[in-house]
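Participant: with the input below, show me the fold.
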Amino acid sequence: MKYILYFLTGGVVVSFVTYLAGHARGLWAAFIANMPTITVLTFLTIYLESGPKAVIPYAQGLVVMIIPWFAYILSVIFLTPKAGFVPSLIIGVALYFLLALAIFAIRRYFWHV
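Facilitator: Model (predicted):
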């Protein structure tokens with residue numbers, strides 16, 4: 001039952017962001033999407049499931065994954081006018097995964113985790 005609640009909560013946020021963006025309120029949509037709402041809910045659910053020791057690695061992972069996320073967003077911003085939306089999205093997602101894999105490999109090599 002709790003996973004259904006998690007799913008519905010995420011769906012409400014995505015729907016609201018889509019509604020705002022679809023009505024030419026891109027800045028508000030971005031504000032809502034980047035609010036700590038989802039991370040707060042995720043922190044709380046991780047804490048309730050596994051305790052505080054599981055929250056810290058998740059938060060550290062969020063910080064590290066900002067690098068691939070920025071690459072993804074910048075790809076969409078700069079490539080959409082040149083290549084179109086769908087190709088820029090595909091390239092951005094691919095770049096995200098490549099950089100994330102590189103981070104995992106570097107982390108494993110240097111920290112043996």
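
Participant: got the domain boundaries for the chain?
Facilitator: As assigned by automatic domain parsing, the chain contains the domains 1-51, 65-113.

Participant: mind listing what the residue lying closest to Phe16 once chain neighbours are set aside touches?
Facilitator: Once flanking residues are discounted, Phe16 sits nearest to Ile32: 6.2 Å by C-beta to C-beta, 6 or more residues apart in numbering. Yep, even glycine has a C-beta here, placed from its N, CA and C like the rest. For Ile32, the contact set (C-beta atoms under 8 Å, 6 or more residues apart in numbering) comprises 13, 16-17, 20.

Participant: how many neighbours does Trp28 have?
Facilitator: With neighbours defined by other C-beta atoms under 10 Å, the count for Trp28 comes to 14.

Participant: quick check, it in contact with Leu20.
Facilitator: Yes: using C-beta atoms under 8 Å, Trp28 is in contact with Leu20, at 5.0 Å.

Participant: in stretch 38-54, what's buried?
Facilitator: Residues 42-43, 45-46 are the ones in stretch 38-54 that count as buried (16 or more other C-beta atoms under 10 Å).

Participant: among the residues you listed, which pair sits farthest apart?
Facilitator: Greatest spatial distance among these (C-beta to C-beta): Phe43 and Thr45, at 7.5 Å.

Participant: helix, strand, or coil at the residue nearest to the spatial centre of the chain?
Facilitator: Central residue of the chain (C-alpha atoms, centre = their mean): Trp69, 6.9 Å from the mean position. State at Trp69, reduced to three classes by DSSP: H, G, I helix; E, B strand; the rest coil: helix.

Participant: who's in contact with it?
Facilitator: Counting by C-beta under 8 Å, 6+ apart, Trp69 makes contact with Tyr96.

Participant: check the gap between it and Phe43 for me.
Facilitator: Using C-beta to C-beta, to the nearest Å, we find Trp69 at a distance of 18 Å from Phe43.
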